[in-house]
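Trainee: Structure for this input, please:
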Amino acid sequence: MARLSICLLVIFLAIVAEAATQKPKKAKKCRDKKNYPVCFKTKNLYCPPQCPRDCYVDCATCTPVCSKPSKSPPFLPPPPPSLSPPPTTSTPPSSSTPPPPPASTPPLSPPPATTTPPTQNPPPPPGSSESAPKRARCKNRNYATCYGQEYTCPSACPNQCEVDCTICKAVCNCDRPGAVCQDPRFIGGDGITFYFHGKKDRDFCIVSDSNLHINAHFIGRRNEKLTRDFTWVQSLGILFGTHKLFIGAQKTATWDDSVDRLSLALDGEPIYLPDGEGMKWKAEISPSVTITRSSDANAVVIEAEDNFKIKAAVVPITQKDSRIHNYGIASESCFAHLDLSFKFYKLSGDVNGVLGQTYGSNYVSRVKMGVLMPVLGGEKEFASSNIFATDCAVARFSGQHPSSNSSENFEFANLHCASGIDGRGVVCKR
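Mentor: Numbers count the residues shown, from 1 in each chain. Below is the predicted model of the structure:
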């Protein structure tokens with residue numbers, strides 16, 4: 001009997017010693033985000049010695065306790081008196097006599113009273129619940145100090161940006177010379193921002209040179225309060241040499257970032273680009289054409305050797321966009337369209353088109369500066385009969401390389417860009 005007692009005692013001591021050496025577990029966190037947002041976010045609270053393996057966090061005091069706290073917070077009764085004055089600000093004198101009654105009513109008032117304090121704290125939770133801005137990184141190995149560094153997209157373009165490795169900073173793709181975005185907003189080769197609305201369901205030549213012709217197909221919606229259409233670029237028809245390249249945004253009613261809505265074709269043959277950022281497709285033609293995904297879906301970089309580079313992204317018109325700009329877009333279509341950024345390697349001084357003319361050697365801007373929305377006209381001179389037609393009035397296409405290269409005069413890395421009219425335009429100076 002004595003041996004049995006000794007054995008049991010040794011086992012008990014061993015269990016106690018093992019428990020003492022074990023690290024206490026984390027307390028079950030506070031779940032009341034509405035009333036105790038600070039404690040709700042607090043982590044790494046450990047159980048006390050009295051109950052090292054199982055405990056809870058008392059949201060009111062934000063400390064670990066052994067027994068599960070009651071749902072009604074112990075510290076709520078005192079706050080009501082301090083929160084009740086606002087509603088009774090019109091009768092301050094009576095606030096000296098009410099203390100006795102509130103003392104009997106606090107137990108009944110906590111539920112309604114707890115709904116008012118949160119109205120002072122909601123700003124943080126909503127901010128955290130909104131989709132966080134996307135991040136981008138420098139992908140140019142030539143900039144060793146910036147390569148691989150990740151940055152948050154600016155507030156002006158939280159869902160789409162890139163890192164300018166020369167300055168190691170995240171920038172909006174649509175705020176650089178050669179950009180065509182939104183309700184078509186163009187930034188010309190001279191750095192001046194302007195709008196060209198065109199007309200819905202029509203094609204317009206935006207670049208026309210001896211060996212490069214680009215037509216844009218506009219989609220849109222008529223606002224009866226205006227004399228023009230709301231328009232967006234839905235697709236491009238690009239001619240260079242003897243080749244035809246098509247880039248388009250497929251129509252969709254609902255938007256999902258993970259579903260690829262890009263449509264690509266070269267010389268009438270569909271291009272099937274593998275999924276995943278960085279995946280590449282190359283056409284062994286002359287000049288060679290390379291298409292690379294810049295994100296898992298809906299964004300690519302297209303480059304024709306010694307001719308042009310285009311960054312294209314399919315984006316929707318959100319309900320928020322529609323509400324802000326009064327587009328009046330219903331749920332049957334989100335008007336998926338292209339946001340574009342162009343870089344040209346060989347342009348002649350005679351280049352023309354809505355965007356192309358701004359790279360011409362003798363171009364003088366016709367845009368009226370200083371207005372809220374500087375608009376460029378000329379629908380008739382830029383209109384094309386179809387997406388691959390070269391019959392616009394300013395067409396220059398022949399399929400031959402230009403003898404001179406005016407684009408060599410545009411070194412955008414040396415341009416200083418800034419907005420002088422509260423963000424509505426971008427002006428660049430060499």
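Trainee: my guess is R53 contacts Y46, does it?
Mentor: No - the pair R53 / Y46 is not scored as a contact, 10.8 Å apart, by Cβ atoms under 8 Å. C-beta: built from backbone N, CA, C; applies to glycine.
Trainee: quick one, which of the two is more surrounded?
Mentor: Y46 (13 against 9; other Cβ atoms under 10 Å).
Trainee: And the pLDDT at that one?
Mentor: pLDDT for Y46: 77.
Trainee: Please apply the same query to E408.
Mentor: E408 carries a pLDDT value of 53.
Trainee: quick one: buried residues of stretch 317-331?
Mentor: Using 16 or more other Cβ atoms under 10 Å as the test for burial, stretch 317-331 gives 317, 321-322, 327, 329.
Trainee: contacts for stretch 257-275?
Mentor: The contact list for stretch 257-275 (Cβ atoms under 8 Å, 6 or more residues apart in numbering) reads 235, 243-250, 252, 279, 281, 283, 285, 289, 291, 293, 296-298, 300, 312, 314, 336.
Trainee: Let's see the PyMOL selection covering just the buried ones among the residues you listed.
Mentor: If you want just the buried ones from these in PyMOL, going by 16+ other Cβ under 10 Å, the selection is:
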select buried, resi 235+243+244+245+246+247+248+249+281+283+289+291+293+297+298+300+312+314+336
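Trainee: now, which of the contacts of stretch 257-275 lie within strands?
Mentor: Counting by DSSP state E, the part of those found in strands is 235, 243-249, 281, 283, 289, 291, 293, 300, 312, 314.
Trainee: quick one, helices of the stretch 101-250 of the chain?
Mentor: For the stretch 101-250 of the chain, the helices defined by DSSP state H, counting those that start in this stretch cover 110-115, 124-129.
Trainee: comparing the ones you listed, which gets the lowest mean pLDDT score?
Mentor: Looking at the helices of the stretch 101-250 of the chain, the lowest mean pLDDT belongs to helix 124-129 (a mean of 36).
Trainee: And the pLDDT at the nearest residue to E381 once chain neighbours are set aside?
Mentor: In space, and not counting its chain neighbours, E381 is closest to A393: 4.3 Å by Cβ to Cβ, 6 or more residues apart in numbering. Looking at A393, its pLDDT stands at 96.
Trainee: and if you look at R3?
Mentor: R3 is given a pLDDT of 70.
Trainee: and it, what helix or strand is that in?
Mentor: Assigned by DSSP states H and E, R3 falls within helix 2-21.
Trainee: What residues of the helix or strand just after that helix count as buried?
Mentor: Downstream of helix 2-21, the first helix or strand assigned by DSSP H and E is helix 37-41. Across helix 37-41, burial judged by 16+ other Cβ under 10 Å covers 37, 39-40.
Trainee: hang on, the earlier thing: what's the residue nearest to E381 in contact with, if anything?
Mentor: By Cβ under 8 Å, 6+ apart, A393 lies in contact with 380-383.
Trainee: Much appreciated, bye for now.
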